[in-house]
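I'll drop the sequence and a predicted model, then ask my questions.
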Amino acid sequence: MSEFVQTLSMFVASHSPRGWVFVAPPGVVEGRSTRARDRTNAVIDEYRLAVIEVCEAVGGHLVRTDLLLESLGAQAFAEDGVHLNGTGYRVLVPAIKSVCGALQ
């Protein structure tokens, strides 16, 4: 994880990320996943928190998908448990639009 954070920090330091919007991943519904168990909420949480820390340090903007969809739970996800469905996107897209609109 430290290598990931170091690489990401170097990347954002070489650009002007103040106009960037990071859309944090929502996690997965682990019980529905038919894939190999490489996408667990624990792994996603670790990467999400690392990126949030870097993003906040450089003044980037965040959309916390995990928090936005928390009340919907599994209802926000497609049958595969990994991708969002229409319900999830109906909550997520307006939030992204709002953050992007505030940057203009």
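That came in fine, so what should we check first? Residues are numbered from 1 along each chain as shown.

so what's the residue nearest to the spatial centre of the chain bridging to?
Residue closest to the average C-alpha location in the chain (C-alpha atoms, centre = their mean): A24, at 1.4 Å. For A24, the beta-bridge partners are R64 (DSSP bridges).

so it touches A50, yeah?
No - contact criterion C-beta atoms under 8 Å: A24 and A50 do not qualify, at 10.9 Å. C-beta here means a position set from N, CA and C on the backbone, and glycine is covered the same way.

quickly note the distance from the closest residue to P26 other than its chain neighbours to V28.
Of all residues not flanking P26 in the chain, T65 sits nearest, at 4.1 Å (C-beta to C-beta, 6 or more residues apart in numbering). Here T65 is placed at a distance of 12 Å from V28 (C-beta to C-beta, to the nearest Å).

check V91 too.
17 Å.

those two: which is more packed in?
For the pair V91 and V28, the greater number of neighbours falls to V28 (20 against 16), based on other C-beta atoms under 10 Å.
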